[in-house]
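K.L.:
Take this sequence and fold it.
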Amino acid sequence: MNVKLVMYILGKVCLAFGISLMLPFIAAFYFNEKQTVEFLLPIAISLLLGIFMSRMKVEYRGHLSLREGLALVGFSWLLVCFLGALPYLFFGFDFSSSLFESISGFTTTGATSINDLEAIPSSLILWRSLTQWFGGLGIILIFITLVPQVGSSGERLFTAELHGESTERIMPRIKTTVYAISIAYMTATFILTLILCVLNMTLFEAVNYAMTTISTGGFCMQKDGIAHFNSTAVEVVILLFMLFSGGNYVLYYKAYKEGFKKLWQDTELMAYIGVILFFTCAMAINLFYSNYYRLSESLYYSFFQSVSTITTTGYYLQNYNGWPEFSRFCILLMMFVGGCAGSTAGGIKVARLLIMFKLSWAELKRTLHPRMVIDIKLSGNHIAPNMVISISRFFFFYIAIFVFATLFLSLTDKLGMLDSIGIAASCLANIGPAFDIVAPFSSYADVSAGAKLISCLLMLLGRLEIFSLLIFLNPDFWRGTKNW
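P.N.:
Numbering: from 1, shown residues only. From the prediction side, this is the model:
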């Protein structure tokens, strides 16, 4: 592995990161806040580190090896998460809370350890939202466009970073593909900002909620979240944009170029909508017959919560922790589903679950017809056997990590069984709120430092699709073999 090349590109990431920190620094001046040094120091640290690393003389071979690409994916996320924790640290938060808040932002989880959100400066609120916005698009997708040295080998980073199995290139050059996705992402953010301003949000509120909605992050400016505005129009608009953001951005671009019939011809998108409607109806019936709400309210709150959970945004209108056990169990199940491949959502992804279902059904039929050849298709496209095997491995590791994380969390102070299950499922799927101690309208402030660090690891594993981080545990990764 060309260590100097990896460090050189990471240096470029540090420089870009330092520049991005200037936005909340400028905001601190605009809002006449006294806390400017808290941003100035992280800016200086990021820029100095970036200058030092990017001045290295490197021998560039014209492409990145697989090992170099994976190293850049993993180390860039770790780097920006640690640097992103510096503003919180300088604002007086302890290390575990600072790291937790930073990782929760960049991984678009939306869990927070801050109890009184209204008490923190506006500049820090903006920084929280920016971390989710950058994290939603993906740090790797961003710096592919900023670092010309990556060149055509950016495909290795693109396929390692893009969520799910949908890594099909929609245009001849990978950089052009990234630009197209980035433009769609920024356009959606801009449109949502304008709509929220029209709906009587202040510009600052609209910008923050637009960034955290499009990124399916879910950071709020107030403890009561979206319910704070007491506006059905705001809730419906955010609901629709959450639904949009949970879909496949690559599919959206193809639909734009080739016609919108591509949308309803896509099996994953139809299944995504179907799963949301199924859980909406199931919870609405349960809430209505349990005398929690009227029928219209049951449908509305169930639909909002289903979209929020499956897209892994984590917004809430009601404290679902007080809902019947059946409805809470539905929410727990939805935490594992996630959005579509190629979206900003976390979770297992609908495409993977569809392929696992098709594989299981085919294996069931093969018990009656042992010589049958299995051919798995999705949206009419043949799924290669090695892809099916890869998805099966991912599914196994996802469930195994969830189980072991639940066990370790249950060993920490203050966490009961449901707490541990909820935190493990929520953080691994990058959702945020869970049940009991971290239910809606609560925070992770009362969670121990050890549980926060376990949650940080889960959030990173979920955001990096597990393998991009676990590969560092393989001794062969660090050896100079030709297999990489």
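
K.L.:
Show me how far stretch 352-360 is from its chain's centre.
P.N.:
In terms of Cα atoms, centre = their mean, to the nearest Å, the centre of stretch 352-360 is found 22 Å from the chain centre.

K.L.:
Contacts for it, please.
P.N.:
Contacts to stretch 352-360, defined as Cβ atoms under 8 Å, 6 or more residues apart in numbering, come from residues 164-165, 267-268, 271, 337, 341, 374, 376-378, 383, 387-388, 391-392, 394-395. (Glycine included, C-beta is placed from N, CA and C.)

K.L.:
6 Å instead?
P.N.:
Residues from elsewhere that reach stretch 352-360 (Cβ atoms under 6 Å, 6 or more residues apart in numbering): 271, 376, 383, 388, 391, 395.

K.L.:
Go through that stretch and flag the buried ones.
P.N.:
For stretch 352-360, the neighbour count (16 or more other Cβ atoms under 10 Å) marks 352-356, 358-359 as buried.

K.L.:
quick one: which of these is nearest to Met417?
P.N.:
Nearest to Met417 out of the buried residues of stretch 352-360 is Leu353 (Cβ to Cβ; 25.4 Å).

K.L.:
Which helix or strand lies directly C-terminal to the helix or strand where that closest one lies?
P.N.:
Assigned by DSSP states H and E, Leu353 belongs to helix 350-366. Counting by DSSP H and E, the next helix or strand C-terminal to helix 350-366 is strand 377-378.

K.L.:
tell me the mean pLDDT for that following strand?
P.N.:
Averaged over strand 377-378, pLDDT sits at 80.

K.L.:
on that earlier part again, pull the CA atoms of the helix holding Leu353 into CSV?
P.N.:
Presented in CSV, the C-alpha positions along helix 350-366 are these (Å, rounded to 0.1, in the frame of the first residue of the first chain):
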residue,chain,number,x,y,z
VAL,A,350,-34.6,-2.9,0.9
ALA,A,351,-32.6,-4.3,-2.0
ARG,A,352,-30.6,-6.7,0.2
LEU,A,353,-33.8,-7.9,2.0
LEU,A,354,-35.5,-8.5,-1.3
ILE,A,355,-32.5,-10.6,-2.6
MET,A,356,-32.4,-12.5,0.7
PHE,A,357,-36.1,-13.3,0.4
LYS,A,358,-35.7,-14.4,-3.2
LEU,A,359,-32.7,-16.5,-2.2
SER,A,360,-34.6,-18.2,0.7
TRP,A,361,-37.7,-18.8,-1.5
ALA,A,362,-35.5,-20.4,-4.2
GLU,A,363,-33.7,-22.6,-1.7
LEU,A,364,-37.1,-23.7,-0.4
LYS,A,365,-38.1,-24.7,-3.9
ARG,A,366,-34.8,-26.5,-4.4
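
K.L.:
Go through the buried residues of stretch 352-360 and name the one nearest Phe100.
P.N.:
Arg352 (27.4 Å).

K.L.:
how near is that closest one to Leu409?
P.N.:
Distance of Arg352 to Leu409, given as Cβ to Cβ, to the nearest Å: 24 Å.

K.L.:
Next one, pLDDT for Pro86 please.
P.N.:
Residue 86: Leu, not Pro. At Leu86, the pLDDT value in this model is 94.

K.L.:
Determine the number of other residues adjacent to it.
P.N.:
A count of nearby residues for Leu86, using other Cβ atoms under 10 Å, gives 19.

K.L.:
Can you tell me the element the closest residue to it other than its chain neighbours falls in?
P.N.:
Once flanking residues are discounted, Leu86 sits nearest to Pro42: 3.8 Å by Cβ to Cβ, 6 or more residues apart in numbering. Assignment of secondary structure by DSSP H and E places Pro42 within helix 37-54.

K.L.:
buried stuff in stretch 218-237?
P.N.:
Of the residues in stretch 218-237, those buried (16+ other Cβ under 10 Å) are 218-221, 223, 225-227, 229, 231, 234-235, 237.

K.L.:
so where's the stretch 151-300 of the chain shaky on pLDDT?
P.N.:
Scanning the stretch 151-300 of the chain for pLDDT under 70 picks out 151-175, 177.

K.L.:
list the buried ones in the next helix-or-strand element following the helix holding Pro42?
P.N.:
Using DSSP H and E, the helix or strand that follows helix 37-54 towards the C-terminus is helix 66-84. Within helix 66-84, the residues that count as buried by 16+ other Cβ under 10 Å are 67-81, 83-84.

K.L.:
Can you pull out the residues in contact with the helix or strand Ser129 falls within?
P.N.:
Assigned by DSSP H and E, Ser129 falls within helix 122-137. Residues external to helix 122-137 that are found in contact with it (Cβ under 6 Å, 6+ apart): 24, 27-28, 31, 33, 84, 87, 105-108, 185, 208, 211-212, 215, 217, 219, 221, 344.

K.L.:
the inter-axis angle of the helix holding Pro42 versus helix 66-84?
P.N.:
Per axes from the mean of the first three to the mean of the last three Cα atoms, to 10 degrees, the angle that helix 37-54 makes with helix 66-84 is 160 degrees.

K.L.:
pLDDT averaged over helix 37-54, what's the number?
P.N.:
For helix 37-54, mean pLDDT is 90.

K.L.:
How about stretch 317-336?
P.N.:
Here stretch 317-336 scores 94 as its mean pLDDT.

K.L.:
and what of stretch 471-484?
P.N.:
Stretch 471-484 shows a mean pLDDT of 68.

K.L.:
again, but for stretch 117-128
P.N.:
Taken as a whole, stretch 117-128 has an average pLDDT of 91.

K.L.:
Now it: buried residues?
P.N.:
Neighbour-count burial for stretch 117-128, with 16+ other Cβ under 10 Å as criterion, is recorded at 117, 120-128.

K.L.:
Glu325: which of the residues you listed is nearest?
P.N.:
Checking those one by one against Glu325 (Cβ to Cβ), the nearest turns out to be Leu117, at 29.9 Å.

K.L.:
Distance-wise, check the closest one relative to Tyr320.
P.N.:
20 Å.
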